[in-house]
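Q: Build me a model:
(one chain, ligands or ions: 1)
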Amino acid sequence: MKHYQFWFVVGSQFLYGPEVLETVDDRAAQMAREMSKALPYPLVHKVTAKTNQEISDVVKEANFDASCAGIITWCHTFSPSKMWINGFAQLQKPYCHLATQYNRDIPNDEIDMDFMNLNQAAHGDREHGFIGARLRMPRKVIAGYWQDEMVQERLGNWMKAAVGVAFSKDLKVMRFGDNMREVAVTEGDKVEVQAKLGWQVNTWPVGELAEIMDAVTDTKIDSLMSLYREQYDFATDDVDTIRYQAREEIAIAKMMEREGCRAFTNTFQDLYGMRQLPGLATQHLTQQGYGYGGEGDWKVSAMTAIMKRMGENGNGASAFMEDYTYHLAKGHEYSLGAHMLEVCPSLAEDKPRIEVHPLGIGGREDAARLVFEGKVGPAIVASLVDMGGRLRLIVQDIECVKPIFPMPNLPVARVMWKAMPNLTSGVECWVIAGGAHHTVLSYDVTAGQMRDWARMMDIEFVHISKDTTPEKLEEELMVKDLVWKLK
Ligand code: MN
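A: Numbers count the residues shown, from 1 in each chain. You can find the predicted model right below:
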């Protein structure tokens with residue numbers, strides 16, 4: 001996994017003399033050091049910038065340094081913002097403006113004009129904010145005391161979204177076969193997506209995968225089987241069927257590694273030369289951080305990989321999901337999500353079980369898959385759709401519950417949730433916005449982080465929350481349609 005860091009760029013000027021600048025420099029270094037202890041990625045104090053040249057130089061360096069995932073700026077003193085124009089005009093990395101102050105309190109006795117000249121972030125950050133607004137820069141603004149837990153948490157969340165941007169720009173997606181015949185929402189403009197989000201989406205033949213599968217050795221399968229035994233309960237004696245999934249996993253991983261891909265798709269309509277639809281194979285791959293989308297859905301596959309990378313410890317609880325069926329009893333309305341086989345076990349409440357069952361569709365042999373219930377707690381579902389000329393990211397807040405029935409005859413992983421604002425309005429909003437049946441369900445990436453990500457990527461963002469109504473959303477979408485046509 002790549003190691004990322006963020007750069008702390010502190011604005012000032014020569015007006016205050018060398019002593020003040022030295023103090024600002026020392027304090028900025030101290031703040032970066034201290035905050036790094038609580039942040040998910042290191043914050044490195046890069047420069048206390050006093051000139052146009054220094055700002056342009058640090059921006060150019062940030063643009064070309066692959067480890068720099070973004071810059072965080074702050075103005076301890078006043079930093080005249082025309083100095084920032086040339087640098088900002090060239091900035092290609094995510095940018096957050098931390099509007100903070102070194103001291104928490106106004107010191108009653110100590111305060112005099114020297115103190116005021118040194119500690120003037122309140123107007124320094126306003127001058128700095130103006131130029132961001134004037135240049136229409138995609139930026140995050142976080143205000144508050146730098147040692148405050150909430151401020152650090154928000155900064156950390158933004159950092160994770162920015163790492164999602166860096167990861168996205170390098171992402172390669174491996175497609176086996178095309179999209180499922182006739183399906184609209186899984187389609188999209190791959191050229192536009194590459195220009196906008198960086199994804200390299202390309203196809204490899206299923207026949208090549210079948211050849212590589214045939215060449216997988218028993219020794220390799222043995223060692224993957226012992227890993228399965230450590231991680232999952234075997235609820236079947238049909239070891240051969242499980243071994244076949246191990247063979248599939250090893251071959252898919254080998255091809256992805258060879259091509260540098262972090263996400264893949266396949267479709268049950270194109271499994272030429274394969275006996276089973278990859279189920280357990282896909283689930284174990286996604287547990288390791290790979291993205292996946294069924295039915296050739298390369299957009300949801302890429303989004304799964306990105307949201308996993310944005311999540312806890314760089315591989316969070318996020319998974320490819322599909323809205324399947326509703327429970328519509330008044331006052332007890334729930335959605336049931338699942339997929340044919342491939343839901344990532346990072347969502348599991350308990351240890352997943354390996355089971356073998358026939359597939360209802362696709363005409364292949366019985367397939368081994370992990371069966372489990374999803375965790376309880378707040379989560380989101382996210383869907384990226386191609387609106388023709390632009391991408392729209394739709395995120396809905398949900399509350400996952402313990403499934404209200406055991407559903408003993410349902411042979412797949414399942415998650416049950418309450419959608420916001422409620423099931424029926426939530427469905428109406430989702431349908432109005434054109435959200436897909438495929439989503440990424442995430443327990444540890446928030447709607448706020450997805451909003452930050454969409455802003456950094458310069459794509460449309462739609463949030464369906466407890467406060468959304470279909471009427472308000474319809475109006476919002478009409479306005480957005482106009483805005484995005486003009487952009
Ligand atoms: Mn599907």
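
Q: Which parts of this structure belong to which domain?
A: What automatic domain parsing lists as the domains of the chain is 5-169, 172-486.

Q: I'd like to know which of those domains is closest to the ion.
A: Among those, the nearest to the ion by C-beta to the ion is domain 172-486 (4.3 Å). All C-beta atoms are positioned from the backbone trio N, CA, C, and that covers glycine.

Q: Quick check: mean pLDDT of the closest one?
A: What domain 172-486 shows for mean pLDDT is 97.

Q: That one spans what distance, first to last residue?
A: Terminal residues of domain 172-486 lie 30 Å apart, using C-alpha to C-alpha, to the nearest Å.

Q: residue contacts, residue 7?
A: Contacts for residue 7 (C-beta atoms under 8 Å, 6 or more residues apart in numbering) come out as 43, 44, 46, 58, 62, 68, 70, 71, 72.

Q: Show only the entries of those residues found in strands.
A: Residues of the contacts of residue 7 located in strands (DSSP state E): 43, 44, 46, 68, 70, 71, 72.

Q: Any buried residues in stretch 468-481, and which?
A: Within stretch 468-481, the residues that count as buried by 16 or more other C-beta atoms under 10 Å are 468, 470, 473, 477, 480.

Q: contacting residues for residue 178?
A: Listed by C-beta under 8 Å, 6+ apart, the contact partners of residue 178 are 203, 267, 270, 296.

Q: now swap in residue 8 and tell me
A: Going by C-beta under 8 Å, 6+ apart, the list of residues near residue 8 reads 28, 31, 32, 43, 44, 45, 46, 71, 72, 73, 74.

Q: Report the beta-bridge partners for it.
A: Going by DSSP bridges, residue 8 is paired in beta bridges with residue 45, residue 72.

Q: Equivalent analysis for residue 357, please.
A: Beta bridges link residue 357 to residue 367, judged by DSSP bridges.

Q: since we're on it, how many residues are nearby?
A: 18 (other C-beta atoms under 10 Å).

Q: can you check residue 329 too?
A: The number of residues packed near residue 329 is 9, by other C-beta under 10 Å.

Q: what does residue 212 give?
A: 17.

Q: Now for the ones in strands among the contacts of residue 7, which sits with the most neighbours around it?
A: Counting neighbours by other C-beta under 10 Å, residue 72 leads those with 27 neighbours.

Q: for that one, what are its contacts?
A: Here residue 72 is in contact with 6, 7, 8, 9, 43, 95, 96, 97, 98, 155 (C-beta under 8 Å, 6+ apart).

Q: give me that answer again for 7 Å
A: By C-beta atoms under 7 Å, 6 or more residues apart in numbering, the residues touching residue 72 are 6, 8, 43, 96, 98.

Q: I'd like these as TSV, with distance to residue 313 appended.
A: Conversion of those to TSV gives the following (distance: C-beta to C-beta, whole Å):
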residue	distance to residue 313
6	17
8	23
43	18
96	22
98	24
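
Q: If we only consider those residues, which is nearest to residue 135?
A: residue 96 (15.2 Å; C-beta to C-beta).

Q: helix, strand or coil for that closest one?
A: Following DSSP: H, G, I helix; E, B strand; the rest coil, residue 96 is assigned to strand.

Q: if I look at it, how far off is residue 480?
A: Taking C-beta to C-beta, to the nearest Å as the criterion, residue 96 is separated from residue 480 by 24 Å.

Q: Residue 299 contacts residue 384, doesn't it?
A: Yes - the pair residue 299 / residue 384 is scored as a contact, 4.9 Å apart, by C-beta atoms under 7 Å.

Q: before we move on, the earlier item: packed most tightly, which of the domains of the chain would that be?
A: Neighbour counts (mean count of other C-beta atoms under 10 Å) averaged over each of the domains of the chain peak at domain 172-486, with a mean of 19.

Q: Any part of that one near the ion?
A: Yes - judged by C-beta under 5 Å from the ion, domain 172-486 and the ion are in contact via 294, 295, 322.

Q: Take those and keep only those in strands.
A: The members of the residues of domain 172-486 next to the ion that map onto strands under DSSP E are residue 322.

Q: Understood, closing this out.
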